[in-house]
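Undergrad: need coordinates for the following:
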Amino acid sequence: MPQSHGTRRRTTVPQPRRSPEHSSGGARGGGTTGPGGGGDGSSGGGRRRRREGGGRPRLSKRRRTWRALTHNATITVAAVCALAAGVMLVDVDGMFGGEDAKPKAAANGDLSANDMLAMMRSSDMDPIAADSVAAAKQRAYEQHQRQLKELKEKAKRDAKARAKLKEQRERERLAKSNPSAAQNQKYGRKMSALKGWGGCWSSLKTLWEHESGWNERAVNPSSGAYGIPQALPGSKLASAGKDWRTSSPTQIAWGLNYIKARYKDPCGAWAWWSSHHWY
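TA: Numbers count the residues shown, from 1 in each chain. Have a look, this model is predicted:
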């Protein structure tokens, strides 16, 4: 018999079988079946919806560490620390480098005290070597004096000899003339003071005025002695530096060490020169 609309039996839709885990989760979470109950009624579904619905997931420990290291503030702090460490290393090197530290040139292009000391240390001379140089200078001086004596005697009788004598004296004058003498004397005064000879400056100044006029290119026409200290032979100056032909500080460094090895200080060197006219 056909059933009426009001008494029609509802067809039961079979539900999928749940695992025991879902069943227990539904019981604990109070979930319901059907359209209003969230589908499977389990708390696992609720947790899944919360994760999918915008809740911020927790980062792993490794990811949190990486994020901290790459943060802008962290990078800035690290850079500042590195810069500060670099500055400290530079200062420490300058303070504790001592004698082995590389000499620093002055900003105005002049040699610093360290440069001058390094030059003088590199050209230290022992007394035996100084005596050898002094012996050569003595022989040259004595030979020059003999030549001058002969020339003067001839000049009394011969006009040609007088002209030659005058030429000889002019050559010696020109050999000592030097437009940079004032600058060379500044180096000489500083380097002499660094050796502790500030009180002997006037002796050194007068000594080398007689020898070379403080001319770094002075050549003795008779002996071939060269430079401000009139080294003989001139190649002896090479022990103080490769630039010995043109560098006044290099020549001064050699000359001061020669004076120290043989005369102790410029005062002693000038006292000797005053008596013998060579040193």
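Undergrad: use CA for all of it now, contacts and neighbours both
TA: Fine.
Undergrad: what's around residue 196, how many residues?
TA: Residue 196: 11 surrounding residues under other CA atoms under 10 Å.
Undergrad: how much space separates it from residue 190?
TA: Per CA to CA, to the nearest Å, residue 196 is found 10 Å from residue 190.
Undergrad: so where's the chain uncertain?
TA: Low-confidence segments of the chain (pLDDT under 70): 1-109, 174-179.
Undergrad: helices along that one, start to end?
TA: For the chain, the helices defined by DSSP state H cover 20-29, 43-52, 61-69, 72-96, 113-122, 127-157, 159-176, 181-194, 201-211, 248-263, 266-276.
Undergrad: residue 165 contacts residue 151, correct?
TA: Yes: judged on CA atoms under 8 Å, residue 165 makes contact with residue 151 at a distance of 6.4 Å.
Undergrad: in contact with residue 116, which residues are there?
TA: Shown in contact with residue 116 (CA atoms under 8 Å, 6 or more residues apart in numbering): 191, 249, 253.
Undergrad: swap in 10 Å and give it another go.
TA: Residues in contact with residue 116 (CA atoms under 10 Å, 6 or more residues apart in numbering) are 103, 187, 188, 190, 191, 192, 194, 249, 250, 252, 253.
Undergrad: if I look at residue 192, how far off is residue 143?
TA: From residue 192 across to residue 143, the span is 31 Å (CA to CA).
Undergrad: look at these two and report which has more neighbours.
TA: More neighbours surround residue 192 than the other of residue 192 and residue 143, with 22 against 14 (other CA under 10 Å).
Undergrad: I'd assumed residue 254 was in contact with that one.
TA: No: the pair formed by residue 192 and residue 254 falls short of the contact definition of CA atoms under 10 Å, at 11.7 Å.
Undergrad: mutual contacts of these two, please.
TA: Counting by CA under 10 Å, 6+ apart, residue 192 and residue 254 have no shared contacts at all.
Undergrad: count the neighbours of residue 161 for me.
TA: Neighbour count of residue 161, defined by other CA under 10 Å: 17.
Undergrad: contacting residues for it?
TA: 150, 151, 152, 153, 154, 155, 167.
Undergrad: switch to 8 Å and redo it
TA: Counting by CA under 8 Å, 6+ apart, residue 161 has contacts 151, 152, 154, 155.
Undergrad: quick one: neighbours of residue 249, just the number.
TA: Neighbour tally, residue 249, other CA under 10 Å: 26.
Undergrad: ok, now how distant is the closest residue to residue 136 other than its chain neighbours from residue 244?
TA: Spatially, and ignoring its direct neighbours in sequence, residue 136 is nearest to residue 232 (6.5 Å; CA to CA, 6 or more residues apart in numbering). Plainly put, residue 232 is 13 Å away from residue 244 if you go by CA to CA.
Undergrad: equivalent analysis for residue 260, please.
TA: In terms of CA to CA, residue 260 sits 19 Å off from residue 244.
Undergrad: which one's more surrounded, those two?
TA: Of the pair residue 260 and residue 244, residue 244 is the one with more neighbours under other CA under 10 Å, namely 23 against 20.
Undergrad: how about that one, what does it touch?
TA: 237, 238, 250, 251.
Undergrad: can you measure across stretch 149-164, start residue to end residue?
TA: One end of stretch 149-164 sits 13 Å from the other (CA to CA).
Undergrad: go on, stretch 191-209?
TA: Across stretch 191-209, first to last residue, CA to CA, it's 17 Å.
Undergrad: please list the residues outside it that contact it.
TA: Counting contacts by CA under 8 Å, 6+ apart, the residues outside stretch 191-209 that touch it are 113, 116-117, 176, 185, 189, 214, 228-229, 252-253, 256, 265-267, 269-270, 273.
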